[in-house]
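**Q** Predicted coordinates and the sequence they were generated for:
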Amino acid sequence: MNLLAYLSGEDGRNILSGLLNTCLLWAVGSGLGTIFGFLIAVARRYGPRPLDYLLQAGVEVIRGTPFLVQIYLLYFGGPYLCLSLGEASACLTLDPLEAGILGLSVYGAAYYSELFRAGFDAIPRGHIEAATTVGLNRWQTLTRIILPEMTMLVLPSMVNMTILMLKETAVLSIISVKELKFQVDIIGNRDYAFVESFTILALVYWALVEVCGVLGRAAERRLSRYRFAHS
């Protein structure tokens, strides 16, 4: 059976549904991971030292363990994390999609936070001192100097991390999230057509990665124009 046969009829609809779920997981997981990662980096840079140590420990745990293990613990181990309050109890019970989004967000936040931290550290001290010299206050220095320069420095690495986040969505099929790989697995196991189904999977991932790369390069060009226009 050729590839086009799987892109039509019910199989095609299932693949499209899996693709939409993959894009949802990717977009929400990457977006929340970026936000949380930025907040972690800011808290570590400007917060008290004990908070820095606590957040650093959390980041190292996430970065030091495989995502597969993390998602297993979150989904299957969540119900065991119960807070007993008399006869009432609150347990962390998530459906597969919720667990997938939360797992990706936490996983991404650890890596994005390190990118932002490195970006903050890479800004020359002289630029901040120059901003102070010309009379910019702390907020103006942050918005006009630190954030634009930091974004320019970390953007290529952020694009690479976002691409890795896309690939990690495939792991979520192990907890029955009905994303793209989950749907392709069903077709391959049903028809023993693993070459055809996984070729479709590879082509779709490749197309999404190319789209992400194009958007990333466009953002870099736009930021470069902004940087030189305001330098």
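**A** Received it, and whenever you're ready, just let me know what you need. Residues are numbered from 1 along each chain as shown.
**Q** For E179, which residues are in contact?
**A** When contacts are counted by C-beta atoms under 8 Å, 6 or more residues apart in numbering, E179 touches G18, N21, T22, L25, G100, T169, A170, L172, S173. C-beta coordinates here come from the backbone N, C-alpha and C atoms, glycine included.
**Q** hmm, I was thinking of I101
**A** L25, V28, G29, L32.
**Q** With Y75 as the reference, measure out to it.
**A** In this view, I101 and Y75 are 12 Å apart by C-beta to C-beta, to the nearest Å.
**Q** Tell me, how many residues neighbour R222?
**A** Applying other C-beta atoms under 10 Å, we find 10 residues neighbouring R222.
**Q** what helix or strand does it sit in?
**A** Element membership for R222 (DSSP states H and E) is helix 194-229.
**Q** so how far is that helix off the chain centroid?
**A** 15 Å (C-alpha atoms, centre = their mean, to the nearest Å).
**Q** Secondary structure class of R13, three-state.
**A** Under DSSP: H, G, I helix; E, B strand; the rest coil, the three-state class of R13 is helix.
**Q** any idea how far L115 is from it?
**A** R13 sits 38 Å away from L115, going by C-beta to C-beta.
**Q** In contact with the residue lying closest to S173 once chain neighbours are set aside, which residues?
**A** In this structure, S173 finds its nearest non-sequential neighbour in F182, 4.0 Å apart by C-beta to C-beta, 6 or more residues apart in numbering. If you count contacts by C-beta under 8 Å, 6+ apart, F182 has them with G18, L172, S173, S176.
**Q** List only those of the residues you listed flagged as buried.
**A** Neighbour-count burial (16 or more other C-beta atoms under 10 Å) applied to these gives G18, L172, S173.
**Q** among the contacts of E179, which two are most distant?
**A** Largest separation among these by C-beta to C-beta: G18 and G100, giving 12.6 Å.
**Q** Identify, from the contacts of E179, the entry nearest to N160.
**A** T169 (15.8 Å).
**Q** And the pLDDT for that closest one?
**A** Here the pLDDT value assigned to T169 is 94.
**Q** Isn't it up against W26?
**A** Yes - here T169 lies in contact with W26, judged by C-beta atoms under 8 Å, at a distance of 5.7 Å.
**Q** shared neighbours of those two, which are they?
**A** L104.
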